[in-house]
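[1] Fold the following for me, if possible:
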Amino acid sequence: MKMKPTMSIYSLITILLLCSSLVSTMAAQTVEESLATKMKKKKGSSSSSQPKRRDSVTCYNRRSKCFLKHITCPNECPEIKPKYSNSKACFLDCYSPKCEAVCRMRKPNCNGSGAACYDPRFIGGDGIVFYFHGKSNQHFALVSDTNLQINARFIGHRPAGRTRDFTWIQSLGIVLGTHSFTLEATKAEKWTDEVDHLRLTYDGYPLTLPEGHYSKWGSRSSSGNGMIRVERTSRRNSVLVILRDVAEIFVNVVPITEEDNLVHNYQIPNNDSFAHLEVQFRFIELSPEVEGILGRTYRPDFKNPAKVGVEMPVVGGDEEYRTSSILSPDCKNCVFSIGKSNLSAPKIPMEFGTIDCTKMDGCRK
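    Numbering: from 1, shown residues only. Here you go, the predicted structure:
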């Protein structure tokens with residue numbers, strides 16, 4: 001007896017055709033997906049390789065060679081105010097002979113011209129490194145000009161057996177015209193970066209500067225913006241102080257670290273981190289009569305007494321530059337006069353170059 005086939009030849013052919021169609025469809029989808037993935041990667045790669053949008057900078061001072069010229073920032077620092085505080089920012093020096101945007105950090109460079117850091121180590125306007133020790137809990141004039149007075153209060157510690165104090169700059173007092181501004185590092189038993197150790201005043205009143213990168217404050221006058229502006233350059237403990245058309249001051253508050261204590265044998269007590277300031281000044285214009293521990297180094301006729309080649313060249317001046325308070329311009333060599341109009345006084349335009357004084361024997365432009 002013959003068995004009937006369970007599937008006809010036509011049914012088998014139909015199934016084979018359906019399977020072939022399904023395989024073709026799946027293969028086409030796979031190719032299409034592969035092409036789409038490649039296109040997406042190519043597009044992503046193309047967009048990531050494109051340079052970031054670059055800011056432009058300009059100057060609004062009519063005396064500047066860059067007045068109202070729009071200069072594009074370099075690729076290396078495309079933003080005037082980068083998101084991260086440790087990134088270089090785009091900057092246009094309105095008073096430089098070169099009208100070009102450059103990159104720079106928004107923190108003090110302790111190896112650059114105008115720096116005052118450590119146990120105070122200064123780098124003068126002439127590029128020469130020198131030390132000025134002063135005395136603990138006393139005030140000294142860093143800069144005294146016809147319209148500007150900048151004093152510093154020193155804190156210090158003298159271990160048993162030493163003949164002098166270790167000293168650091170704890171605060172700055174600035175008198176500009178008839179207005180005053182102070183900036184100080186507050187005492188901290190144990191240092192923490194999570195606490196802001198800056199205290200500010202303007203014309204004798206406490207000044208509140210909210211925490212946060214780029215938080216800012218500016219003085220006001222009857223004619224609009226005032227002469228002093230303060231801007232944070234990190235969330236806490238770092239600021240830029242701008243004295244309009246006069247100077248810029250970069251400031252950090254830092255402690256004496258355990259490593260510093262061991263290396264230099266400071267022997268600081270356990271209940272004080274000796275929070276102090278690292279400072280770098282950038283002056284726009286100064287008079288030929290400018291005085292002060294740092295200010296005199298910007299005079300065209302100044303001969304620095306610091307001995308080149310000496311490991312720690314110390315200069316004197318305690319008696320000549322000691323002041324009675326953080327805001328008093330009463331040192332023996334001070335030239336500032338409160339309330340005196342100095343608009344007609346001759347000024348020396350500062351020439352700015354990149355100076356990095358990493359050697360103890362000084363440096364030159």
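[2] C-alpha only now, for contacts and for neighbours.
    Noted.
[3] can you pull the contacts of the closest residue to Thr323 other than its chain neighbours?
    Nearest-residue entry for Thr323: Cys331, 4.9 Å, with adjacent residues in sequence omitted and distances by Cα to Cα, 6 or more residues apart in numbering. Shown in contact with Cys331 (Cα atoms under 8 Å, 6 or more residues apart in numbering): 140-141, 319-324.
[4] Out of these, which end up buried?
    140-141, 320-323 (16 or more other Cα atoms under 10 Å).
[5] In strands, which of these fall?
    Residues of the buried ones among the contacts of Cys331 located in strands (DSSP state E): 140-141, 322-323.
[6] can you redo those as JSON lines with pLDDT and distance to Thr167?
    Converted to JSON lines, these look like this (pLDDT from 0 to 100; distance: Cα to Cα, whole Å):
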{"residue": "Phe140", "pLDDT": "98", "distance to Thr167": "12"}
{"residue": "Ala141", "pLDDT": "98", "distance to Thr167": "15"}
{"residue": "Arg322", "pLDDT": "97", "distance to Thr167": "15"}
{"residue": "Thr323", "pLDDT": "98", "distance to Thr167": "17"}
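[7] Now flag whichever of the contacts of Cys331 is closest to Gly112.
    For the contacts of Cys331, the minimum distance to Gly112 (Cα to Cα) is 20.2 Å, reached by Ala141.
[8] Identify the bridge partners of the closest one.
    Bridge pairing for Ala141 (DSSP bridges) gives the partners Asn151.
[9] Quick check: it touching Ser324?
    No - using Cα atoms under 8 Å, Ala141 is not in contact with Ser324; the gap is 10.1 Å.
[10] Which helix or strand in this structure has the lowest average pLDDT?
    strand 348-349 (a mean of 54; mean pLDDT, DSSP states H and E).
[11] related to what we said a few turns ago, can you tell me which of the contacts of Cys331 is nearest Cys94?
    Using Cα to Cα, Ala141 comes nearest to Cys94 of the contacts of Cys331, at 27.5 Å.
[12] measure that closest one to Pro329 for me?
    8 Å (Cα to Cα, to the nearest Å).
[13] Between these two, which contacts overlap?
    149, 323.
[14] Gly309 versus Cys77, what's the distance?
    Distance, Cys77 to Gly309, using Cα to Cα: 37 Å.
[15] Those two: which is more packed in?
    Taking other Cα atoms under 10 Å, Cys77 and Gly309 do not tie; Cys77 has more neighbours (21 against 11).
[16] how about that one, secondary structure?
    Of the three states, Cys77 takes coil according to DSSP: H, G, I helix; E, B strand; the rest coil.
[17] same deal with Glu259?
    The assignment at Glu259 comes out as helix when based on three-state DSSP.
[18] pLDDT score for the residue nearest to Thr323?
    Among the per-residue scores, Cys331 holds a pLDDT of 97.
[19] Domain ranges for the chain, per the record?
    What automatic domain parsing lists as the domains of the chain is 51-105, 108-349.
[20] Deepest-packed of these, please.
    Highest mean neighbour count of those: domain 108-349, a mean of 19 (counted as mean count of other Cα atoms under 10 Å).
[21] returning to that earlier point: make TSV from the contacts of Cys331 and add distance to Ser215 to it.
    Formatted as TSV, the contacts of Cys331 follow (distance: Cα to Cα, whole Å):
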residue	distance to Ser215
Phe140	30
Ala141	29
Glu319	39
Glu320	38
Tyr321	34
Arg322	34
Thr323	32
Ser324	33
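[22] dump the residue contacts of the residue nearest to Lys307 when sequence neighbours are not counted.
    Spatial nearest neighbour of Lys307, excluding adjacent residues (Cα to Cα, 6+ apart): Pro313 at 5.7 Å. By Cα under 8 Å, 6+ apart, the contact list for Pro313 reads 129-131, 306-307.
[23] and with 6 Å instead?
    130-131, 306-307 (Cα atoms under 6 Å, 6 or more residues apart in numbering).
[24] Perfect, I'm done here.
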